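In: Sequence and computational prediction follow.
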Amino acid sequence: MAFALARSASLLGIHGEPVDIEVHVGAGLPGFTIVGQPDESCRESRDRVRAALLSSALPWPNRRVTINLSMRSTVKRGGSGLDLAIAVGLLVVQEVIPQETVDRFGFLAELGLDGSLRSVPGLVPLVAAIDDRRVVVAESAHSSVSVVSGDRVVGARSLLHVVESLRDAESWSVPRLEGSVEAPQNDVDLSDVRGQLAARRALEIAAAGAHHLLLVGPPGAGKSMLARRMPSIMPPLDAEQSLQSTIIHSAAHVSMPNGGGVSQAPFRAPHHSVSLTAMVGGGTSSLRPGEISLATNGVLFLDELGEFAPSVLDALRQPLEEGVVRVARARHSVELPARFLLVAATNPCPCGEGTPGVCVCDDRMRMRYFRRFSGPLLDRFDLRVAVTRPDVGDLLDTAPAESSNEVAKRVARARETSLKRNGVTNSSLSGELLDRFAPLSVSATQLLRTHLERGALSGRGFHRIRRVARTIADLDDAPKVVDEEHVAAALALRVQLQPAVRQW
C-alpha cells in the first residue's frame with residue numbers, strides 16, 4: 001500500500017482544526033518531505049518519528065516519503081502533536097496496522113526519541129476539534145482532556161502500545177473520570193481584612209453585578225489584599241464557563257488546577273512591565289491567548305495601574321466594552337474571549353500618600369501622574385473607591401470579620417436574581433433594559449437630575465450609576481424599584497476619592 005491517511009489537529013488561538021495527515025511512499029531516492037505549510041516544530045517531526053520507530057523495533061521505509069498536511073484553512077499547520085499521526089500513517093503504508101482501524105481514531109501526541117508518548121500544549125481544544133472519532137493521547141494527559149471529551153479519549157504509553165492497541169482495542173488506557181472540576185478551594189479569605197467597610201462593600205457590589213472596580217489609596221492600605229480576595233466571593237463557574245476557561249487555559253499552555261478543569265473564577269495579576277502582546281494575545285504562529293483572555297469569567301487585577309504602559313491600558317478599552325479581543329496578523333486573525341472583571345489599584349499621587357500635610361507632591365506632579373490614565377479607560381470603572389490605612393483599633397481587633405463564604409452567598413443570590421430577570425449581569429444592561437428592569441423612584445430620579453444639572457455626571461456616568469444602583473437594590477432584596485438610597489450609595493462609591501484625584 002503506497003498511501004495512508006491519519007487524523008490529527010492543529011491549534012490557532014483557542015480553536016483546534018482537524019488536519020488530515022496524508023502519507024505517500026513511492027519510488028525514488030530515499031527522502032522525507034513534509035508539505036502543506038508546516039511550521040518549524042512540524043518539520044522537525046521527521047527526526048523524532050524516525051528515532052521513535054527504530055527505538056520501538058518498528059520499520060522505517062527506506063524509500064521516497066511525502067507527508068501532506070491537509071486542512072480547510074490556509075494557516076500554517078504544525079505543532080509536535082502531529083508526530084503520532086505521522087508515525088501511524090507510515091505504519092499503515094508499510095501494512096503494520098490496517099487503514100480501516102486507523103480511520104476510527106484521531107492521534108494527538110508528541111513522540112519521544114525512545115518511542116514514548118508525551119502530552120502537547122492546547123490539548124483540550126485540539127481534542128474537541130476531532131469530534132467524529134475516538135482520540136489517542138499520551139496516557140499522562142487523561143485528566144486534562146476528560147473534562148471535554150469523556151470516554152472519547154484513550155491513552156497510550158508509547159508508540160508500541162498504540163500499535164498493539166490498534167490491533168486489540170481492549171488494551172487502551174481509558175481515563176478514570178473524577179468530575180470535570182477541582183474541589184473549590186481558596187487560600188485567602190475576606191475575613192483577613194480588618195476594617196475597610198466601604199471597600200469591602202464595593203467588592204461585594206462589583207462581584208454581584210460584574211462592575212469594574214478601581215481602588216485608590218496609599219501604600220499599605222490593603223488594596224492588593226482586597227483585590228486578591230475578589231475570586232473568593234464570586235460564584236463558581238457554570239458548566240459552559242468552566243469549559244470555556246479550561247479551553248483558554250489549555251490553549252495558552254497554562255497548567256490546569258489539579259490536572260482537571262477550571263471551576264473557580266480565574267485570577268490573573270500581570271506585572272506592570274507586561275507587554276502589549278502578552279496582555280492581548282498573539283506572539284506565536286498559533287496566536288496564543290493573552291492575560292485578558294486568561295482572565296475570562298474571572299478577575300484581571302492591575303496593581304500599580306500608573307506603572308503600566310499607556311498603550312497596554314488603552315488596549316483594554318475595546319475588550320471591556322465588547323467582551324472579545326480581535327488579534328490580527330498578516331496571514332490570519334482570531335477572535336479571543338475577553339469578558340472579565342477588571343480590578344485595578346493605584347496610589348493617589350506619585351509619593352503615594354495623597355493626604356494634605358503629608359503628601360510632598362505639587363499640583364504639577366499630580367497632573368503628570370494622572371495623565372497616564374486616559375479618560376475613556378477611567379470612565380469604564382463603575383466603582384471608584386478611596387481606600388485608607390486601617391485604624392489601629394481595627395488592626396488590633398481580634399473579633400473575626402465577615403468571611404468570604406458569607407459574602408459569597410449574598411453575591412450568588414443577587415447575581416441569580418439579576419440573571420433571571422435580565423438574562424445578563426447588571427453591568428451589561430443597555431439603556432433600554434435599564435428602563436425596563438431598573439425603574440427609578442421619584443426621589444431617585446430627582447437625585448440623579450440634580451447631579452446631571454450640576455455637571456457632576458456625564459451621560460455614560462448616568463447609566464453606570466443606574467447599573468450599580470440596580471445591583472445594590474438586588475443585594476438589599478429590592479428587586480422592583482431602584483430607590484433614592486440605592487442611587488445615593490452608588491454615587492458615593494463613584495466619587496469618594498482622595499482630594500488629589502477629584503479632578504477625575
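Out: That came through fine. Everything numeric in this text was worked out from a predicted model, so none of it was measured.
In: ok so L342 is a strand residue?
Out: Yes - under DSSP: H, G, I helix; E, B strand; the rest coil, L342 falls within a strand.
In: what's across from it in the sheet?
Out: L300 (DSSP bridges).
In: for it, what are its contacts?
Out: Contact analysis of L342 by CB atoms under 8 Å, 6 or more residues apart in numbering lists 212-213, 299-300, 302, 316, 320, 380-381. In this view, the C-beta of every residue, glycine as well, is placed from N, C-alpha and C.
In: swap in A338?
Out: 292-293, 295-296, 319, 322-325.
In: Which member of those residues is positioned nearest P376?
Out: Minimum distance to P376 across the contacts of A338 is 13.0 Å, recorded for P319 (CB to CB).
In: quick one, phi psi at the closest residue to the closest one other than its chain neighbours?
Out: What sits nearest to P319 in space, not counting adjacent residues and going by CB to CB, 6 or more residues apart in numbering, is A338, at 3.8 Å. Main-chain torsions, A338, degrees, to the nearest 10: phi -160, psi 50.
In: can you tell me how far A338 sits from A265?
Out: Counting by CB to CB, to the nearest Å, the gap from A338 to A265 is 15 Å.
In: just S427 next, same as before
Out: On the measure of CB to CB, S427 and A265 end up 15 Å apart.
In: what's the answer for L69, then?
Out: When L69 is compared with A265 (using CB to CB), they lie 38 Å apart.
In: again, but for I86
Out: I86 sits 40 Å away from A265, going by CB to CB.
In: and those two? which has more neighbours close in?
Out: Set side by side, I86 and A265 show more neighbours around I86, with 26 against 23, by other CB atoms under 10 Å.
In: Alpha carbons of the helix or strand harbouring the more buried one, as PDB, please.
Out: Using DSSP states H and E, I86 sits in helix 83-93. Presented in PDB, the C-alpha positions along helix 83-93 are these (Å, rounded to 0.1, in the frame of the first residue of the first chain):
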ATOM      1  CA  ASP A  83       4.100  13.300  15.400                       C
ATOM      2  CA  LEU A  84       1.900  10.300  16.400                       C
ATOM      3  CA  ALA A  85      -0.400  10.700  13.400                       C
ATOM      4  CA  ILE A  86       2.600  10.800  11.000                       C
ATOM      5  CA  ALA A  87       4.100   7.700  12.600                       C
ATOM      6  CA  VAL A  88       0.800   5.800  12.400                       C
ATOM      7  CA  GLY A  89       0.400   6.800   8.700                       C
ATOM      8  CA  LEU A  90       3.900   5.400   8.000                       C
ATOM      9  CA  LEU A  91       3.000   2.200   9.700                       C
ATOM     10  CA  VAL A  92      -0.200   1.900   7.700                       C
ATOM     11  CA  VAL A  93       1.700   2.300   4.400                       C
END
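In: that older thread, which one of the contacts of L342 is nearest D20?
Out: Closest to D20 out of the contacts of L342 is L300 (38.5 Å), distances taken as CB to CB.
In: give me the number of residues near the closest one?
Out: So L300, with other CB under 10 Å, has 26 neighbours.
In: what does A488 give?
Out: A488: 16 neighbours (other CB under 10 Å).
In: Now name the helix or strand holding it.
Out: Assigned by DSSP H and E, A488 belongs to helix 484-495.
In: Convert the C-alpha atoms of that helix to CSV, please.
Out: Extracted C-alpha coordinates of helix 484-495, given in CSV (Å, rounded to 0.1, in the frame of the first residue of the first chain):
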residue,chain,number,x,y,z
GLU,A,484,-33.0,57.0,46.3
GLU,A,485,-30.9,55.2,48.9
HIS,A,486,-29.5,52.8,46.3
VAL,A,487,-28.7,55.7,43.9
ALA,A,488,-27.0,57.6,46.8
ALA,A,489,-24.9,54.6,47.7
ALA,A,490,-23.8,54.2,44.0
LEU,A,491,-22.9,57.9,43.8
ALA,A,492,-20.9,57.6,47.0
LEU,A,493,-18.9,54.7,45.7
ARG,A,494,-18.1,56.5,42.5
VAL,A,495,-16.8,59.9,43.7
